[in-house]
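Novice: Predicted model and sequence below, questions to follow.
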Amino acid sequence: MGDRWHVEVDRSVCIGSGMCVGTAPGGFTLDSARQSHPAHPETDANEQVLEAAEGCPVEAITITLADSGEVVFPPED
């Protein structure tokens, strides 16, 4: 069985570029204020969701392992 991820978007940082929706259309949605939300806050590990987090121009997306809280993205320095 694969990893489960917890996906969060910091809406105080999100600028509503929509890049996450374009990269992972099933992973994110934009609300009426163009703020991003994970479509499923807990999801199976997914390359498109990771690509969306990596491509966010303001790094508003955080992914952690659902069972341990270990950070998947952004990488720790």
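Specialist: Great, that's in hand.
Novice: before we move on, what SS does residue 43 have?
Specialist: For residue 43, the secondary structure call by DSSP: H, G, I helix; E, B strand; the rest coil comes out as strand.
Novice: Test my guess that it contacts residue 3.
Specialist: No. The pair residue 43 / residue 3 is not scored as a contact, 10.0 Å apart, by CB atoms under 8 Å. (Glycine included, C-beta is placed from N, CA and C.)
Novice: Please say which of the two ends up with more neighbours.
Specialist: Regarding residue 43 and residue 3, a neighbour count based on other CB atoms under 10 Å identifies residue 43 as having more, with 19 against 15.
Novice: pLDDT wise, what is the more buried one at?
Specialist: Predicted confidence (pLDDT) at residue 43: the value is 96.
Novice: How about the one 4 residues further on?
Specialist: Predicted confidence (pLDDT) for residue 47: 96.
Novice: and if you look at residue 2?
Specialist: Per-residue confidence at residue 2 stands at 79 (pLDDT).
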